[in-house]
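Asker: Coordinates only, no sequence provided:
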């Protein structure tokens with residue numbers, strides 16, 4: 001009886017979330033690629049630390065942007081030990097400037113926030129585009145994003161790139177990046193509200209108004225935040241400014257991690273902070289397990305036929321939510337969506353690893369220890 005009750009709670013919750021996902025996707029905004037050329041200066045800011053494998057493709061995709069006649073590209077080579085800077089210089093034209101990093105982040109700053117702030121300090125554009133070195137843009141991406149920023153009066157837009165996933169762990173975990181906010185964040189409300197809690201952002205690609213950015217003190221306000229992208233959107237909203245999360249899958253792609261170790265290290269460095277406190281993390285992960293793992297287990301292990309049927313309905317609801325998001329964002333649908341309970345289980349496992357490393361001070365990223 002207890003098992004049936006828990007399964008029922010999970011299945012009903014999964015069904016409600018799936019219904020919300022379906023409605024949410026009708027509210028999901030995409031950058032409009034049909035817009036006139038920009039009449040303002042745009043600064044594309046790329047922090048890069050040991051990015052030789054991807055930096056050339058990233059910069060090349062910016063160089064061919066259409067409809068951006070006044071463009072500058074600043075690349076911060078953050079003390080790389082590989083050929084990052086040389087690869088940029090080999091394809092650079094007069095719009096590109098490489099800034100050599102000679103100092104490590106000062107006390108109170110994490111590496112990426114410090115790199116972004118240094119880039120912003122030297123940028124001259126009225127729009128700042130923060131872009132990771134493993135992102136590639138479609139030729140009309142910047143024009144479309146800036147068009148949305150200006151047409152709708154946003155201080156910041158966060159167009160989530162298409163997440164490329166190849167390895168088994170990537171395919172389990174990476175789809176959750178887009179699925180989570182499509183399923184849980186009320187998008188129509190979030191883009192008009194200045195409530196900081198209604199924020200979801202992806203630092204792979206952020207487009208911000210330069211005046212608004214400096215009004216909130218830029219990355220200095222999120223200097224020590226591991227999830228600096230979400231914190232930056234919250235800072236805009238605290239200042240009474242509007243920000244928008246968008247589907248950027250048609251204008252940008254990114255492969256965040258290229259090995260199992262990178263996936264583990266990448267999520268371990270930040271998941272401990274995703275829900276605020278240890279209690280918040282425990283509650284969130286327990287919710288996810290109850291909603292998406294328990295029904296799947298009940299569907300195959302429960303003795304009661306009725307409990308198995310309830311579990312199957314809950315499992316189907318979770319998979320349907322994943323399918324809806326995958327189809328909308330151009331991600332692989334099958335068999336990845338069917339593995340949703342496994343995705344949730346791996347997410348919880350990565351959260352445990354993250355908290356363990358954080359408490360031991362063992363989290364690192366790109367050769368730097370994280371406090």
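Answerer: In hand now; what should we look at? Note that this is a predicted model, so its numbers are computed, not measured.

Asker: Spatially central residue for the protein, please.
Answerer: If you average the C-alpha coordinates of the chain and look for the closest C-alpha using C-alpha atoms, centre = their mean, you land on residue 202, 2.9 Å from that point.

Asker: tally of neighbours for the nearest residue to it once chain neighbours are set aside?
Answerer: Beyond its immediate neighbours in the sequence, the residue positioned closest to residue 202 (C-beta to C-beta, 6 or more residues apart in numbering) is residue 160, lying 4.9 Å away. C-betas here are computed from N, CA, C, even on glycine. Look at residue 160: counted by other C-beta atoms under 10 Å, it has 23 neighbours.

Asker: so who does residue 51 touch?
Answerer: Neighbour list for residue 51: 58, 80, 82, 84, 133-134 [criterion: C-beta atoms under 8 Å, 6 or more residues apart in numbering].

Asker: related to what we said a few turns ago, so how far is residue 177 from the residue nearest to residue 202?
Answerer: Counting by C-beta to C-beta, to the nearest Å, the separation of residue 160 from residue 177 is 7 Å.

Asker: Repeat that for residue 106.
Answerer: Summarising the geometry, the distance separating residue 106 from residue 177, computed by C-beta to C-beta, is 30 Å.

Asker: just residue 250 next, same as before
Answerer: In this view, residue 250 and residue 177 are 16 Å apart by C-beta to C-beta.

Asker: Do you know the pLDDT at residue 358?
Answerer: With respect to pLDDT, residue 358 scores 84.

Asker: One more: residue 67?
Answerer: At residue 67, the predicted lDDT confidence score is 92.

Asker: That one: neighbouring residues, count only.
Answerer: When neighbours are counted by other C-beta under 10 Å, residue 67 registers 16.

Asker: coming back round to it: shared neighbours of residue 160 and residue 177, anything?
Answerer: Residues touching both residue 160 and residue 177 comprise residue 202, with contact defined as C-beta under 8 Å, 6+ apart.

Asker: Would you agree residue 208 falls within a strand?
Answerer: Yes. Residue 208: assigned to a strand according to DSSP: H, G, I helix; E, B strand; the rest coil.

Asker: Identify the residue nearest it in space, chain neighbours excluded?
Answerer: Counting by C-beta to C-beta, 6+ apart, residue 208 lies nearest to residue 156, which is 4.6 Å off, once chain neighbours are set aside.

Asker: go on, residue 101?
Answerer: With C-beta to C-beta, 6+ apart as the criterion, residue 101 has its nearest non-adjacent residue at 4.3 Å, and that residue is residue 78.

Asker: ranges for the strands of this structure?
Answerer: Taking DSSP state E to define them, one finds strands in the chain at 42-48, 71-77, 96-100, 127-131, 135-137, 156-163, 205-209, 243-254, 364-365, 368-369.

Asker: name the helices or strands packed onto the fifth one?
Answerer: The reference is to strand 135-137. Applying 3 or more C-beta pairs under 8 Å, 6 or more residues apart in numbering; DSSP states H and E, one finds that strand 135-137 contacts helix 55-63, strand 243-254.

Asker: deepest of those, which one?
Answerer: Among these, ranked by average contacts under mean count of other C-beta atoms under 10 Å, first place goes to strand 243-254 (a mean of 23).

Asker: quick one, what contacts residue 91?
Answerer: Going by C-beta under 8 Å, 6+ apart, residue 91 touches 56, 59-60, 63.

Asker: Specify which member of the residues you listed is nearest to residue 101.
Answerer: Comparing the contacts of residue 91 against residue 101 with C-beta to C-beta places residue 59 closest, at 16.6 Å.

Asker: how close does that closest one get to residue 114?
Answerer: Applying C-beta to C-beta, one obtains 21 Å for the distance of residue 59 from residue 114.
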